[in-house]
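J.: What shape does this take:
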Amino acid sequence: MREGIVLVILVCFGIADIRKRSLSLPMLAAALGAALLFRLLWDFGLVAAGMGFISGLLICAVGKISRGQIGMGDGLLLAVTGILLGFWENMELFLTGLFFCALFSAVVLVIFRKGRGYRVPFVPFLAGAQLFRILVLL
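T.: You can find the predicted model right below:
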């Protein structure tokens, strides 16, 4: 059930990321509250939720260090998914999303001759990574 909820969240935010190239802070806050509520009511793993939340904050820190190469919204969204998935599954989601993004970026770089400054929205790759996790890894 958690895996499906994460997929729905990522698809919704992925569509917004493609359209606007940013994530809505009020929507992120609502998703964070819903994720906490889910953990409290159905799955009492509060330690795993806290560690997952910290994994998202680590991604925010990496984004800050890399001067915005990973957006703050992406990190906050990973904090939301971390609450639902836990630390290691959230890191698996993040790294799989990075792999998919790297493959896509390589194709764009070689075939479409875009430069290093070309930016792609990251959340759709997270949604694809979650779908991959559900279909293949679980």
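
J.: any idea which helix is longest in the protein?
T.: helix 87-111 (DSSP state H).

J.: Count the neighbours of residue 60 for me.
T.: 18 (other Cβ atoms under 10 Å). Bear in mind the C-beta positions are built from the backbone N, C-alpha and C, glycine included.

J.: Find me the pLDDT at it, would you?
T.: What the model reports as pLDDT for residue 60 is 88.

J.: so it touches residue 79, yeah?
T.: Yes - using Cβ atoms under 8 Å, residue 60 is in contact with residue 79, at 7.3 Å.

J.: Could you tell me the end-to-end distance of stretch 111-123?
T.: Using Cα to Cα, to the nearest Å, the end-to-end distance of stretch 111-123 comes out at 22 Å.

J.: any idea of the mean pLDDT in that stretch?
T.: On average, stretch 111-123 scores 82.

J.: in the protein, which ranges drop under the pLDDT threshold?
T.: For the chain, the stretches with pLDDT under 70 are 138.

J.: Let me see the ranges of the helices in it.
T.: Using DSSP H, helices in the chain cover 2-20, 25-41, 46-65, 72-85, 87-111, 123-132.

J.: Of those helices, flag the one that's most buried.
T.: helix 72-85 (a mean of 25; mean count of other Cβ atoms under 10 Å).
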